[in-house]
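S.K.: Got a predicted structure here, sequence first:
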Amino acid sequence: MSNFFEKMFKKLKSIKHIEILVAVLFGIILLTLYLTTINTGKAYEETSGSGYAYELENRLENVLSNIDGAGNVEVMVMLAEGAELESGVVPKISSVIVVAGGADNYKVKLEILKACEALLNLPTTNIEILVGK
């Protein structure tokens, strides 16, 4: 197997303008990533502000429920008053309420709080974590 890699390495070294080939491949990768990002952004543009909040709630529930001990998680996202999704401008989030079965454990509650703070760029005063059933 190592003989195969040695042959491939020698073949690559024999290419006169390997730097150009690597640069072109790198450019193709970057272009692909850029185009993927544009398509993702358009999906958000086509939804209303409430649709955006609903999708965000679902994504947060999926992430937060993976925290060890969190249990069943429900999330409610409140957008700033009059926030509408227009021309790719993402509405500002005003507050978040998380109801989690494991939130009676201080460590779990702190982990949920840190995750919400990091993901939503909200101050902790705008995040409320409550104990669920």
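M.R.: Structure's in. What do you need?

S.K.: Name every strand pairing with the strand or helix carrying Val98 and say which way it goes.
M.R.: Using DSSP states H and E, Val98 falls within strand 93-100. In the sheet, strand 93-100 lines up against strand 73-79 (antiparallel), strand 127-131 (parallel) (DSSP bridges).

S.K.: Mean neighbour count, those: which tops it?
M.R.: Between those, the one whose residues have the most neighbours on average, counting mean count of other CB atoms under 10 Å, is strand 73-79 (a mean of 18). Heads up, the C-betas are built off the backbone N, CA and C, glycines and all.

S.K.: Can I get that strand as PDB, trimmed to CA atoms?
M.R.: The C-alpha trace of strand 73-79 is given here as PDB (Å, rounded to 0.1, in the frame of the first residue of the first chain):
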ATOM      1  CA  VAL A  73     -36.800  20.400  25.600                       C
ATOM      2  CA  GLU A  74     -39.200  22.900  24.300                       C
ATOM      3  CA  VAL A  75     -38.100  26.400  23.100                       C
ATOM      4  CA  MET A  76     -40.000  29.600  22.400                       C
ATOM      5  CA  VAL A  77     -38.200  32.400  20.500                       C
ATOM      6  CA  MET A  78     -39.600  36.000  20.700                       C
ATOM      7  CA  LEU A  79     -38.600  38.300  17.800                       C
END
